[in-house]
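Colleague: Quick one: sequence and predicted model below, then my questions.
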Amino acid sequence: MTSPQQAELESEIKAMPSWLRRPIGKASELSAVQRIIKQRQIHTICEEGRCPNRGECYAQKTATFLLMGPTCTRSCAFCQVDKGHAPMSLDLEEPQKVSEAVQLLGLRYVVLTSVARDDLPDGGAGHFVMTMETIRQLNPETQIEVLTPDFWGGAGVGVAGQRQRIAMIVNAKPACFNHNVETVRRLTGPVRRGAKYDRSLQVLAVVKELDPTIPTKSGLMLGHGETVEEVIATMADLRAVGCDRLTLGQYMRPSLEHLPVQKYWTPEEFAQLGTVASEMGFSHVRSAPLVRSSYHAGET
């Protein structure tokens with residue numbers, strides 16, 4: 001017998017617009033990447049976040065690596081990543097494992113992201129750097145993009161501590177520094193528990209202050225109840241701190257425990273917002289329902 005919760009979720013899936021439905025991909029193509037990942041006991045945001053594009057990306061033998069375990073110290077109301085209990089201890093062999101996976105997959109552009117690790121003294125910044133250095137040793141031609149948390153967590157961090165953590169990664173010279181604001185100012189509290197809108201803008205501002213040559217990037221997930229005017233205001237805020245690249249995609253509810261979708265934005269609406277973003281001066285814009293922050297990242 002179907003439970004009320006299962007029935008509700010099935011009803012939501014059936015009500016999902018046609019433009020959000022896509023095939024998962026060939027089983028053989030999926031298993032090739034999954035095997036490499038599982039053998040090394042590493043993680044990808046593709047799987048942990050149940051990205052709708054993972055079939056396409058796996059077919060192209062690409063993946064976005066999720067560093068420092070699959071458990072986040074924060075509890076954002078939109079995210080599928082595991083949370084709510086103590087994170088794993090750091091795997092000091094993870095940088096080597098990821099580097100080997102990059103080599104086996106033949107990647108020329110890699111995205112490294114992570115859960116928020118507010119329990120670590122440096123918020124995990126050092127682990128980012130170690131992974132970047134190890135990848136370059138084994139794959140010297142591979143470019144590396146980072147998608148980081150805000151590095152604010154932990155007792156007594158403050159502005160200076162956050163800046164120091166960001167500087168560690170900036171000094172390692174990523175091909176792009178990505179930090180997502182995720183939603184508009186008004187909705188940051190309920191959507192991004194533990195995060196602050198201005199704090200995220202500050203991350204991007206600090207990167208540009210430390211090294212103006214590094215491209216910065218941010219993204220929003222639409223569908224939480226934001227208005228067109230609020231989205232445009234957020235884009236203006238991002239441009240004001242020098243953000244170069246932008247992604248806009250549709251929020252899709254991972255489970256009944258997550259925030260419900262308030263609106264499915266149409267492909268036409270995404271296209272219109274993408275045009276506005278380009279006119280604002282973003283050098284690279286991806287705006288479509290199934291766009292995610294790392295989707296086709298290497299094409300820039």
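Modeller: Cool, got the structure.
Colleague: quick check, residue 145 in a strand?
Modeller: Yes - note on residue 145: a strand contains this position according to DSSP: H, G, I helix; E, B strand; the rest coil.
Colleague: Give the closest residue to it in space, chain neighbours not counted.
Modeller: Counting by Cβ to Cβ, 6 or more residues apart in numbering, residue 145 lies nearest to residue 176, which is 4.2 Å off, once chain neighbours are set aside. C-betas here are computed from N, CA, C, even on glycine.
Colleague: what about stretch 233-251, start to end distance?
Modeller: One end of stretch 233-251 sits 19 Å from the other (Cα to Cα, to the nearest Å).
Colleague: Could you do stretch 111-121 as well?
Modeller: Distance across stretch 111-121, first residue to last, is 23 Å (Cα to Cα).
Colleague: distance between that stretch and the chain's centre?
Modeller: Distance of stretch 111-121 from the chain centroid (Cα atoms, centre = their mean, to the nearest Å) equals 12 Å.
Colleague: my read: the residue nearest to residue 145 touches residue 169, true?
Modeller: No - checked against Cβ atoms under 8 Å, the pair residue 176 and residue 169 is beyond contact range at 11.4 Å.
Colleague: shared neighbours, the two?
Modeller: Common neighbours of residue 176 and residue 169, using Cβ atoms under 8 Å, 6 or more residues apart in numbering, are residue 146.
Colleague: one step back: give me the phi and psi angles of the residue nearest to residue 145.
Modeller: Here is the backbone geometry of residue 176 (degrees, to the nearest 10): phi -160, psi 140.
Colleague: got a pLDDT number for it?
Modeller: Listed pLDDT for residue 176 reads 97.
Colleague: now residue 132
Modeller: Residue 132 carries a pLDDT value of 98.
Colleague: before we move on, what about residue 189?
Modeller: If you check residue 189, the pLDDT there is 92.
Colleague: Now do the spatially closest residue to residue 76 that is not a sequence neighbour against residue 149, distance only.
Modeller: Leaving out its chain neighbours, the residue that sits closest to residue 76 by Cβ to Cβ, 6+ apart is residue 192, at 5.2 Å. Applying Cβ to Cβ, to the nearest Å, the value for residue 192 to residue 149 is 11 Å.
Colleague: likewise residue 266?
Modeller: 31 Å.
Colleague: Then residue 125?
Modeller: Look at residue 125 and residue 149: by Cβ to Cβ, they are 10 Å apart.
Colleague: got it, and residue 89?
Modeller: In this view, residue 89 and residue 149 are 18 Å apart by Cβ to Cβ.
Colleague: Looking at the two, which has the bigger crowd around it?
Modeller: Counted by other Cβ atoms under 10 Å, residue 89 and residue 149 do not tie: residue 149 has more neighbours, with 26 against 10.
Colleague: Wait, the more buried one touches residue 116, no?
Modeller: Yes - shown here, residue 149 and residue 116 form a contact pair, counting by Cβ under 8 Å, at 4.2 Å.
Colleague: tell me, what's touching these two both at once?
Modeller: Residues touching both residue 149 and residue 116 (Cβ under 8 Å, 6+ apart) are 74, 123.
Colleague: Can you give me the buried ones in stretch 101-117?
Modeller: Neighbour counts over stretch 101-117 (16 or more other Cβ atoms under 10 Å) mark 101-102, 105, 107, 109-117 as buried.
Colleague: Make JSON lines out of those and add secondary structure and pLDDT.
Modeller: As requested, those are exported to JSON lines (DSSP: H, G, I helix; E, B strand; the rest coil; pLDDT from 0 to 100):
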{"residue": "101", "secondary structure": "helix", "pLDDT": "91"}
{"residue": "102", "secondary structure": "helix", "pLDDT": "92"}
{"residue": "105", "secondary structure": "helix", "pLDDT": "84"}
{"residue": "107", "secondary structure": "coil", "pLDDT": "86"}
{"residue": "109", "secondary structure": "strand", "pLDDT": "90"}
{"residue": "110", "secondary structure": "strand", "pLDDT": "91"}
{"residue": "111", "secondary structure": "strand", "pLDDT": "93"}
{"residue": "112", "secondary structure": "strand", "pLDDT": "96"}
{"residue": "113", "secondary structure": "strand", "pLDDT": "93"}
{"residue": "114", "secondary structure": "strand", "pLDDT": "91"}
{"residue": "115", "secondary structure": "coil", "pLDDT": "84"}
{"residue": "116", "secondary structure": "coil", "pLDDT": "83"}
{"residue": "117", "secondary structure": "coil", "pLDDT": "88"}
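Colleague: Perfect, I'm done here.
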